[in-house]
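Asker: need a 3D model of the following:
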Amino acid sequence: MTHAKSRVMLVGPWKWTTGGVTTFMNNVAGSHLAYTHDFLRYNIARPPKRNVADNYGYGAILRGGIGRMVLGVLITLFHVLWFPFALLLERPDIVQVQSSDFQVFWEASLYVRMARALRFPVLMRLGGAFDHFYAVSSPRARAAIRRVLLWPDILIVQSNYWRDTVEALGRHRGIVVVANSVPDSLADLSRLPNESVPICLFAAGSEPLRKGFGEVLDAMRIARDSGVRVRFHIVAAGEETRRRVSEAGFADEAIVEGFLTRSRMLDAMRAADIFLLPSRGEGFPNALIEAMAFGLAPIVTPVGAIPEIVADTGAIVVPVRNGAALAGAIAKLAADADLRAEIGASVRRVVKGRYVHSVALAPLSEAWCSALAAAHNAGKF
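Answerer: Next comes the predicted model:
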């Protein structure tokens, strides 16, 4: 006897984006959970901005120009207004809304509220540098944030750090930890042998300043002036990022590429030795897990869930906004191949034990089943 699959509507940025939220949703839709669930994709993304290096915070809405701002507002209005009709037409069993910080959080709250009003079981997955978002918000906004966190039937967070964060804000029940993860097969792929100069990989993305691009530039200057034998591979670099690297005169020390296909990005990781994530704020960085799966030695900052991810691995943690400390860590790893290999083996073991789909996604499936059972018991279906 076969059972019908439950229908899960994943509300988030499916098109035009390649960030962590999109990666998470694609990972879920392509995982073993597809055998027991049908996924309905509701896209809420907007076209990306061009030539923007600082795409973080409320001010980001203005940084793509007036035309881009108007287009983004109109697209967002369409997504919000169409959403209740999509729910009534598609009739999902469960709705999961992907949330983040700043504007995305408030937009996500609208989808959660509408799904609840129409009596659909709704989960909200919290991402982004939420602690920083809350810290810089006004007292009135903080009160509203705390209320929104109580709305979803289940709140999904990415680590124990984020569980503690939302509990401190008043949400004590219905919290499920679902870490970002990689396919099990990814952690079994072998790295490409590199017997020449060590390569540091940095993924700039759509928010390069938040990711620590300024600190990477400082570290590159210090490494060059100090004669450190190391090369840099900067990927997912927008035009502004590429321009700044070029103007700094790093043609001999760095390869800079734009946004890569998924397979090309994984190839870049396989060929690198050190992964740089000197971020100023993070939720639970997917790219870090992928780099660890390949055995790259990470250099990171203690923000968001990162300390929890790299705990007891030997990964080097440097202070936030400190290019000199980053340069020192790069020099240390570049000069010691055995240390790189030791850290690489350690972080890879951590990924295999905690952050592959077969392990990390089990709580998500359980959360969906729990939400669906509670809805049936409440007579919503």
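
Asker: isn't there a strand covering Ile255?
Answerer: Yes. According to DSSP: H, G, I helix; E, B strand; the rest coil, Ile255 belongs to a strand.

Asker: quickly find the element holding Trp368.
Answerer: Per DSSP states H and E, Trp368 falls inside helix 362-377.

Asker: quick one: list the elements packing against that helix.
Answerer: Judged by 3 or more C-beta pairs under 8 Å, 6 or more residues apart in numbering; DSSP states H and E, the packing partners of helix 362-377 are strand 6-12, strand 94-99, strand 122-126, strand 154-157, strand 175-177. Every residue, glycine included, has its C-beta placed from N, CA and C.

Asker: mind checking how far the last one is from the chain centre?
Answerer: Translated: strand 175-177. Computed by C-alpha atoms, centre = their mean, to the nearest Å, the chain-centroid distance of strand 175-177 equals 17 Å.

Asker: what mean pLDDT does it get?
Answerer: Across strand 175-177, the average pLDDT comes to 97.

Asker: and that strand, what does it pack against?
Answerer: Taking 3+ C-beta pairs under 8 Å, 6+ apart as the contact cut, strand 175-177 packs with strand 154-157, helix 160-168, helix 362-377.

Asker: and the second one, what's its mean pLDDT?
Answerer: Looking at helix 160-168 alone, the average pLDDT works out to 95.

Asker: what's the answer for the last one, then?
Answerer: For helix 362-377, the per-residue pLDDT values average out at 89.

Asker: my guess is His357 meets Pro183, correct?
Answerer: Yes. Using C-beta atoms under 8 Å, His357 makes contact with Pro183 at a distance of 5.7 Å.

Asker: need the residues that contact stretch 213-220.
Answerer: Residues from elsewhere that reach stretch 213-220 (C-beta atoms under 8 Å, 6 or more residues apart in numbering): 53, 202, 204, 232, 234, 241, 244-245, 248, 250, 253-254, 276, 278, 321-324, 326-327, 330.

Asker: just the buried ones out of those residues, please.
Answerer: Buried members of the contacts of stretch 213-220, counted by 16 or more other C-beta atoms under 10 Å: 53, 202, 204, 232, 234, 241, 244-245, 250, 253-254, 276, 278, 322-323, 326-327, 330.

Asker: picking that back up, now the helices and strands packed on helix 362-377 as JSON lines including mean neighbour count and distance to Ile343?
Answerer: Output for those, formatted as JSON lines (neighbours: other C-beta atoms under 10 Å; distance: least, C-beta to C-beta, whole Å):
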{"stretch": "strand 6-12", "mean neighbour count": "22", "distance to Ile343": "33"}
{"stretch": "strand 94-99", "mean neighbour count": "27", "distance to Ile343": "32"}
{"stretch": "strand 122-126", "mean neighbour count": "26", "distance to Ile343": "30"}
{"stretch": "strand 154-157", "mean neighbour count": "24", "distance to Ile343": "27"}
{"stretch": "strand 175-177", "mean neighbour count": "18", "distance to Ile343": "25"}
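
Asker: among those strands, which is nearest Ala297?
Answerer: strand 175-177 (26.3 Å; C-beta to C-beta).

Asker: I'd like the next helix or strand past the closest one.
Answerer: Following strand 175-177 in sequence, per DSSP H and E, is strand 199-203.

Asker: buried stuff in the following helix or strand past that next one?
Answerer: Per DSSP H and E, the first helix or strand lying C-terminal to strand 199-203 is helix 213-226. If you call a residue buried by 16+ other C-beta under 10 Å, then helix 213-226 has these buried ones: Phe213, Gly214, Glu215, Val216, Leu217, Asp218, Ala219, Met220, Arg221, Ile222, Ala223, Arg224.

Asker: dump those residues into a markdown table; add distance to Thr22 and pLDDT as well.
Answerer: Converted to a markdown table, the buried residues of helix 213-226 look like this (distance: C-beta to C-beta, whole Å; pLDDT from 0 to 100):
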| residue | distance to Thr22 | pLDDT |
| --- | --- | --- |
| Phe213 | 21 | 96 |
| Gly214 | 25 | 95 |
| Glu215 | 25 | 97 |
| Val216 | 23 | 98 |
| Leu217 | 27 | 97 |
| Asp218 | 30 | 97 |
| Ala219 | 28 | 97 |
| Met220 | 29 | 97 |
| Arg221 | 33 | 96 |
| Ile222 | 34 | 97 |
| Ala223 | 32 | 96 |
| Arg224 | 35 | 95 |
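
Asker: which one's more surrounded, His357 and Pro183?
Answerer: A direct count of neighbours by other C-beta atoms under 10 Å for His357 and Pro183 places His357 higher, at 20 against 17.

Asker: state the distance from that one to Ser159.
Answerer: 17 Å (C-beta to C-beta, to the nearest Å).

Asker: over to Ser196?
Answerer: 36 Å.

Asker: when the two are compared, which one has more neighbours?
Answerer: When Ser196 and Ser159 are compared on other C-beta under 10 Å, the one with more neighbours turns out to be Ser159, at 20 against 8.

Asker: surely the more buried one touches Ala179?
Answerer: Yes. Counting by C-beta under 8 Å, Ser159 touches Ala179, with 6.2 Å between them.

Asker: pull up the overlap in contacts between those two.
Answerer: Between them, Ser159 and Ala179 share the contacting residues Phe284, Ala305, judged by C-beta under 8 Å, 6+ apart.

Asker: let me have the buried residues of helix 213-226 in a markdown table, extended by distance to Val80.
Answerer: As requested, the buried residues of helix 213-226 are arranged in a markdown table below (distance: C-beta to C-beta, whole Å):
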| residue | distance to Val80 |
| --- | --- |
| Phe213 | 32 |
| Gly214 | 35 |
| Glu215 | 37 |
| Val216 | 37 |
| Leu217 | 39 |
| Asp218 | 41 |
| Ala219 | 42 |
| Met220 | 43 |
| Arg221 | 45 |
| Ile222 | 47 |
| Ala223 | 47 |
| Arg224 | 49 |
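
Asker: rewinding a little: quick one: buried residues of the helix holding Trp368?
Answerer: For helix 362-377, using 16+ other C-beta under 10 Å, the buried residues are Leu364, Ser365, Ala367, Trp368, Ser370, Ala371, Leu372, Ala375.
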